[in-house]
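J.: model the structure of this input:
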Amino acid sequence: MTITCRRAQPPRLTTPPARATTSATAGLSALPRPVAVVVGGGGVLGAAQVGVGYALEQRGFVPDLIVGTSVGALNGAIAAAHPGQAAPWLARVWTHVRRREVFPLGCLPSRAGLFADRGLRRLIARAGLPARIEELAVPFTAVAMDLATGEQALLDHGDLESALLASAAIPGILPPVDREGRRLVDGGVVAFVPVRAALQAGAASVVVLSTGPESGAPRPVVPPRWAGAVAARAGQLLLHHQIERDLHEVSRRIPTVVVPTGIETWPAPWDFGQAERLIATASVEAGRFLDGLCVSGPGLYRAGAEPFPTALGAVR
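T.: Numbering: from 1, shown residues only. So this is what the prediction gives:
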């Protein structure tokens, strides 16, 4: 079979069926070190990251550093704590978690968010993570946004729990986190897929665990009419353009591999009942992609664009 790698936009990668791992190993092995795994945001869409993680671990891949935003920070911290064997543990977490655990209703501790963060704190506590970022087996950075300056905050040392809470503090939904004199919120506002943070941390190449519909090329739709649908569509387009800008900026300097998920129908970010489907689909598609990967210098390596969804609830 012929394997074709392209770096020009729009990049495409033709891959053979996932029957052997020889070419995948060669492709991943060709990435310059240190290589960073970049894990983006997206709520329950983070379950797809677990499927990609399975494919990478099955091929013996262990990164030199991990950079994560929002739910990607939690997944990334667990991967950094258990390099090479995190995917089965994460799969158990994702297939058992429910919305009310992450977004519990009840009395709010303040007016800073619709939900308290106690559910997220319990989820972090059950993850078996060390107290400090420096104690993780693989160097790790959680990305948040400084609410005062609008700059991204790279949290690569100190208390791990507060770093993860800050990175996942969706503005208006979960309360901001005060950490080291700064008020921090979800890093996805400025770095939904934090490839620039990985480059800043010293990565010579990156592997992006693509998540969510915003990672794919948007399909034209009939313009929505009601306020919620308009806001949802505009938000998706905003994130898509941010992701594309950052990917192209970084890929001009270092090899940037975006691993696809193969998911055509995405659930709403708060729908935790479809984790098994997301994990299974992403594992198979990521494996096919990796089995055809070949890397030949700086550029953007990715499969055909993932489809823009109609299953986010407010898009229709």
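
J.: break down the chain into its helices, ranges please.
T.: 22-29, 46-58, 71-81, 87-96, 99-102, 118-125, 160-167, 188-191, 195-200, 227-251, 275-290 (DSSP state H).

J.: in TSV: these, plus distance to A268.
T.: In short, each C-beta sits where N, CA and C put it, glycine included. Putting the helices of the chain into TSV (distance: least, Cβ to Cβ, whole Å) gives the following:
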stretch	distance to A268
helix 22-29	32
helix 46-58	13
helix 71-81	14
helix 87-96	15
helix 99-102	10
helix 118-125	17
helix 160-167	21
helix 188-191	16
helix 195-200	26
helix 227-251	10
helix 275-290	12
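
J.: could those helices be laid out in a markdown table, adding mean neighbour count, mean pLDDT and distance to L147?
T.: Shown next, in a markdown table, are those (neighbours: other Cβ atoms under 10 Å; pLDDT from 0 to 100; distance: least, Cβ to Cβ, whole Å):
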| stretch | mean neighbour count | mean pLDDT | distance to L147 |
| --- | --- | --- | --- |
| helix 22-29 | 17 | 61 | 38 |
| helix 46-58 | 27 | 92 | 23 |
| helix 71-81 | 29 | 94 | 17 |
| helix 87-96 | 17 | 82 | 29 |
| helix 99-102 | 16 | 60 | 22 |
| helix 118-125 | 16 | 83 | 18 |
| helix 160-167 | 26 | 96 | 10 |
| helix 188-191 | 25 | 92 | 9 |
| helix 195-200 | 23 | 96 | 18 |
| helix 227-251 | 16 | 86 | 18 |
| helix 275-290 | 22 | 92 | 31 |
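
J.: closest to L65 out of those helices?
T.: helix 195-200 (7.3 Å; Cβ to Cβ).

J.: got the contact list for that closest one?
T.: Applying Cβ atoms under 8 Å, 6 or more residues apart in numbering, the external contacts of helix 195-200 come out as 36, 38, 65, 67, 141, 143, 152, 154, 191, 206, 208, 246-247, 249-250, 253-254, 256.

J.: from those residues, which ones fall inside strands?
T.: Taking DSSP state E as the definition of strands, those contribute 36, 38, 65, 67, 141, 143, 152, 154, 206, 208, 256.

J.: surely the fifth one touches D156?
T.: Okay, so that is T141. Yes: counting by Cβ atoms under 8 Å, T141 does reach D156; the two are 4.3 Å apart.

J.: what's the burial count for G60?
T.: 12 (other Cβ atoms under 10 Å).

J.: find the residue at the geometric middle of this structure.
T.: Nearest residue to the geometric centre of the chain (Cα atoms, centre = their mean): G40, 2.3 Å.

J.: gap between it and V71?
T.: 8 Å (Cβ to Cβ, to the nearest Å).

J.: contacting residues for the closest residue to G46 other than its chain neighbours?
T.: The spatially closest residue to G46, leaving aside those adjacent along the chain, is V71, at 3.7 Å (Cβ to Cβ, 6 or more residues apart in numbering). Residues in contact with V71 (Cβ under 8 Å, 6+ apart) are 41-46, 49, 168.

J.: inside strands: which ones of the residues you listed?
T.: Per DSSP E, those never map to strands.

J.: how about a markdown table for the residues you listed, with distance to S162 added?
T.: Putting the contacts of V71 into a markdown table (distance: Cβ to Cβ, whole Å) gives the following:
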| residue | distance to S162 |
| --- | --- |
| G41 | 18 |
| G42 | 21 |
| G43 | 20 |
| V44 | 23 |
| L45 | 24 |
| G46 | 20 |
| Q49 | 22 |
| A168 | 11 |
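
J.: so which of the residues you listed is the closest to V295?
T.: Among the contacts of V71, and counting by Cβ to Cβ, the member closest to V295 is Q49, at 21.1 Å.

J.: isn't that closest one right next to L209, touching?
T.: Yes: between Q49 and L209 there is a contact under Cβ under 8 Å: 4.5 Å.

J.: in stretch 125-144, what's buried?
T.: For stretch 125-144, the neighbour count (16 or more other Cβ atoms under 10 Å) marks 127, 129, 133, 136, 138-144 as buried.

J.: list just the nearest of those to L164.
T.: A142 (6.0 Å).

J.: right, so of the helices of the chain, which gets closest to G297?
T.: helix 227-251 (10.5 Å).

J.: the residue nearest to the centre of the chain and V206 touch, don't they?
T.: No: here G40 does not reach V206: they are 11.6 Å apart, not a contact under Cβ under 8 Å.

J.: returning to what we had before: can I get the ones in strands among the contacts of helix 195-200 in CSV including distance to D291 and pLDDT?
T.: Output for those, formatted as CSV (distance: Cβ to Cβ, whole Å; pLDDT from 0 to 100):
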residue, distance to D291, pLDDT
A36, 22, 98
V38, 21, 97
L65, 25, 97
V67, 25, 98
T141, 29, 98
V143, 30, 97
Q152, 34, 94
L154, 33, 97
V206, 20, 97
V208, 18, 96
T256, 19, 96
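
J.: many thanks, I have nothing further to ask.
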